[in-house]
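>>> Give me a 3D structure for the following:
(one chain, ligands or ions: 1)
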Amino acid sequence: GSRQNEGFHTVEVGETAFTVLERYQNLRQVGTGAQGVVAAAYDTQLKQNVAIKKLSRPFQNVTHAKRAYRELRLMSLVNHKNIIRLMNVFTSQKTLEDFQDVYMVMELMEANLSQVVNLELDHERLSYLLYQLLCGVRHLHAAGIIHRDLKPSNIAVKSDCSLKILDFGLARTANQGFLMTPYVVTRYYRSPEVILGMSYSGTVDIWSIGCIFGEMVRGQVLFPGSDHIDQWNKIIETLGSPTPEFVNRLQPAVSNYVRTRPHYRGMSFSRLFPDGCFPTESGGSRALAAQARDLLQKMLELDPNKRINIDDALRHPYTNIWYEPSEVEAPPPLQYDNSLDERELTVEQWREELWREVIN
Ligand SMILES: O=C(Nc1cccc(-c2n[nH]c3ccc(-c4nc[nH]n4)cc23)c1)c1ccco1
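Model prediction:
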């Protein structure tokens, strides 16, 4: 029979075949994402558990290819404790012609945040998770990377309450919603400026963090919109209509639409996040609830120009108890050249780009 690739072995993980280096043993599925299947494994060389993500035919279309290329380049560029680290990347195929799959080996976490948002977290854990998320995003922004698609499913945690961001979101030119796979694009955490197609800056990620933080407090999604229109309606019904000054900054067609909406006053934040939905452990909890509510209000500001920025959020009383200059001001990685993942290449050209990234 054909000589099995030396140094590789093939195992079934769920319905997916993983052909991985011999050093990775005892594979078991821990998750699936829009890009592929993730397995936990034991690395017999490093003598530690790892996560292995299989990207099946990442060049199958431009969306997958851009995302895979961006992720490979960014993960090897970025080095921060709150961003998942790429430990190895390989393919079992020997030539470009045979090139099919990419395997990314990363640190193993224990759960993703969507499995944690409905737990009753005390203020200590809540503020620590929020602080780490802000640190990780600050590091991305320092490298010129705006994530734009932060949500609980692409953030992972461990029982020691450590948190890591799992991916790098959308390339600026990625199409906003149509995917070839059956996976639904979750828009619940997308900021008003992304929904309304405005120019955007790093504060889009602050909005998403506010939505995630709010969901951990409330135990349910803040703005569960079924599409962009519904998403916008849910946001203004809850937070109130935008100011005329904000609406005037929109593109004409969009501002005309936004003006047709009924006028909403919005709910007060003490009604949105009453004391009852905060942990009530002994001592100081009313003061902590007030601090958490204050920070939420500043993150869930409709107008990006008025929204709190990352540095102020890290210095807010609710999070700055964790402030460690070494974690917050970690030296920024080399600036990421966004233009590389925004080239309009053909599937075949992306395949070659990915092949080069994997074999070097
Ligand atoms: O469920 C377990 N772990 C778990 C749960 C959720 C995420 C990860 C995870 N760790 N590292 C990663 C890197 C990337 C991804 C990724 N998911 C989509 N895209 N990328 C996910 C991970 C791990 C578990 C049970 C027993 C031991 O671990």
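>>> only C-alpha atoms for contact and neighbour calcs from this point on.
Noted.
>>> For the stretch 51-200 of the chain, which residues are neighbours of the ligand?
If contacts are counted using CA under 6 Å from any ligand atom, the residues of the stretch 51-200 of the chain sitting beside the ligand are 51, 106-112, 156, 166.
>>> So which of those sit within strands?
Counting by DSSP state E, those place 51, 106-107, 111-112, 156 in strands.
>>> Which one of those residues is nearest to Lys234?
For Lys234, the nearest member of these is Asn112. The distance, counting by CA to CA, is 25.5 Å.
>>> name the element the nearest residue to Ser255 once chain neighbours are set aside belongs to?
By the measure of CA to CA, 6 or more residues apart in numbering, the closest residue to Ser255 outside its immediate chain neighbours is Val247, 5.5 Å from it. Mapping Val247 onto the secondary structure by DSSP states H and E places it in helix 244-248.
>>> Ramachandran coordinates for Glu120?
Backbone torsions of Glu120, given as degrees, to the nearest 10, read phi -80, psi 100.
>>> ok, now Val13?
Given degrees, to the nearest 10, the pair of backbone angles that Val13 has is phi -120, psi 100.
>>> Model confidence score at Asp122, please.
According to the model's per-residue confidence, Asp122 sits at a pLDDT of 93.
>>> what about it, distance to Tyr336?
As judged by CA to CA, to the nearest Å, Asp122 and Tyr336 stand 37 Å apart.
>>> For the residue of the stretch 251-360 of the chain found nearest the ligand, list the residues it contacts.
When scored by CA to the nearest ligand atom, the stretch 251-360 of the chain has Val358 as its residue closest to the ligand, at 17.1 Å. Applying CA atoms under 8 Å, 6 or more residues apart in numbering, one finds that Val358 lies in contact with 89-91, 102.
>>> now with 6 Å?
By CA atoms under 6 Å, 6 or more residues apart in numbering, the contact list for Val358 is empty.
>>> circling back to that earlier point, pLDDT of the helix holding Val247, averaged?
Helix 244-248 shows an average pLDDT of 96 in the prediction.
>>> do stretch 45-63 as well
Model confidence over stretch 45-63 averages 93 on the pLDDT scale.
>>> Can you name the helix or strand that Asn233 falls in?
Applying DSSP H and E, one finds Asn233 within helix 228-239.
>>> Which other helices and strands does that helix contact?
For helix 228-239, not one helix or strand is in contact under the criterion 3 or more CA pairs under 6 Å, 6 or more residues apart in numbering; DSSP states H and E.
>>> List the buried residues for that helix?
With burial defined by 16 or more other CA atoms under 10 Å, the residues of helix 228-239 counted as buried are 228, 231-239.
>>> can you list the residues you listed in CSV and add pLDDT and distance to Leu340?
Rendered in CSV, the data for these read as follows (pLDDT from 0 to 100; distance: CA to CA, whole Å):
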residue, pLDDT, distance to Leu340
His228, 89, 28
Gln231, 95, 31
Trp232, 96, 32
Asn233, 97, 36
Lys234, 97, 36
Ile235, 98, 34
Ile236, 98, 36
Glu237, 97, 39
Thr238, 98, 39
Leu239, 98, 38
